[in-house]
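Novice: Turn this into a structure:
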Amino acid sequence: MLRWIAVCWVCFIGFQAPVMADKMEEFEQFLADIGLSSAQPKLSAPVRLVSVAQEYGELTVNASCHTHTPLRIGEKNYKEGLGSHANGRIVFQIDSPMQTFAAEVGIDNNDDTRNGRDKASVVFVVKGDGQELARTPVCRFGQSPQHIEAAVANVRQLELMVTDAGDGYSYDQADWGEACLIDADGKRLPLSTIVAAARQSFLSPAVPPASFVYGGQVSETLLKN
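Specialist: Numbers count the residues shown, from 1 in each chain. Prediction:
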């Protein structure tokens, strides 16, 4: 019975990452306590993704949140960054000292936003521990990237927000190009790597605590896909 409960819970929380990251850790410990897996020591991460919410689509890594094409603001392309949408909020927990948050932001340039160029408008806001640290003017389709930067030396919770600029969120595909935290030595920590790591199921690097066959597929393949 415990094995069946474990498998059901694994399936459920696998679709909730990264919002349920803390619950995953609790459940891994529960599995260890009942003898279904062994608790592994965890390496502390300097920054953790806490939650993501947006009114349309899903937060994407290194790609537009709607067309899934490479990030592009105005005429500039970005190999790394986050593709978000208004109204949206991304929350990170900073567990090691950082000095600065920096990004280049704006409306993603793709076939969809070109069709809605007159409606696409957003404002980017950075908050630290609930206090506003930086804000852009209204960003519209076709404009060059805006640089946004904030001092975060004593910040524990970083919020990256995108608002619809007061005219609704249609076509408000908002890119955080090269979004990163910078430590005292000047080393960059791209936030795209934090989001990507958080979205990997905790099952991927380990053997699941139980196995089954469903529809002719073994659980190892089914859960992975």
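Novice: Following element in sequence after the strand or helix carrying Leu82, please.
Specialist: Under the criterion of DSSP states H and E, Leu82 resides in strand 81-85. Next helix or strand after strand 81-85 toward the C-terminus (DSSP H and E): strand 88-94.
Novice: sec struct for Ile194, please.
Specialist: Three-state assignment for Ile194 (DSSP: H, G, I helix; E, B strand; the rest coil): helix.
Novice: Need the CA coordinates for the strand holding Leu82. PDB is fine.
Specialist: Written as PDB, here are the backbone C-alpha positions of strand 81-85 (Å, rounded to 0.1, in the frame of the first residue of the first chain):
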ATOM      1  CA  GLY A  81      17.400  34.300 -20.500                       C
ATOM      2  CA  LEU A  82      13.800  33.800 -19.500                       C
ATOM      3  CA  GLY A  83      10.600  34.000 -21.700                       C
ATOM      4  CA  SER A  84       7.700  35.200 -19.500                       C
ATOM      5  CA  HIS A  85       4.300  36.800 -20.000                       C
END
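Novice: Please name the strands paired to that strand in the sheet, noting orientation.
Specialist: Here strand 81-85 has these sheet partners by DSSP bridges: strand 60-61 (antiparallel), strand 173-182 (antiparallel).
Novice: got the buried residues for that strand?
Specialist: Gly81, Leu82, Gly83, Ser84, His85 (16 or more other C-beta atoms under 10 Å). For the C-beta atoms, the positions are set from N, CA and C on the backbone; glycine is no exception.
Novice: now do stretch 99-117
Specialist: So for stretch 99-117, counting by 16+ other C-beta under 10 Å, buried means Thr100, Phe101, Ala102, Ala103, Glu104, Val105, Gly106, Ile107, Asp108, Asn109, Asn110, Thr113.
Novice: before we move on, back to that, nearest to Tyr56 among the buried residues of strand 81-85?
Specialist: His85 (4.6 Å; C-beta to C-beta).
Novice: Just the helices from the chain, written as ranges.
Specialist: Under the criterion DSSP state H, helices of the chain are mapped to 2-14, 21-33, 111-115, 191-198, 219-224.
Novice: mind listing what Ala76 touches?
Specialist: If you look again at residue 76, you'll see it is Lys, not Ala. Lys76 is in contact with Glu104, Ser144, Pro145, Gly177, counting by C-beta atoms under 8 Å, 6 or more residues apart in numbering.
Novice: can you redo those as a markdown table with distance to Val52 and pLDDT?
Specialist: Converted to a markdown table, the contacts of Lys76 look like this (distance: C-beta to C-beta, whole Å; pLDDT from 0 to 100):
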| residue | distance to Val52 | pLDDT |
| --- | --- | --- |
| Glu104 | 20 | 98 |
| Ser144 | 27 | 98 |
| Pro145 | 22 | 98 |
| Gly177 | 18 | 98 |
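Novice: Is it possible to mark the buried ones in those?
Specialist: Among the contacts of Lys76, those buried by neighbour count (16+ other C-beta under 10 Å) are Glu104, Pro145, Gly177.
Novice: how near is the last one to Pro97?
Specialist: Okay, so that is Gly177. For Gly177, the distance to Pro97 equals 24 Å [C-beta to C-beta, to the nearest Å].
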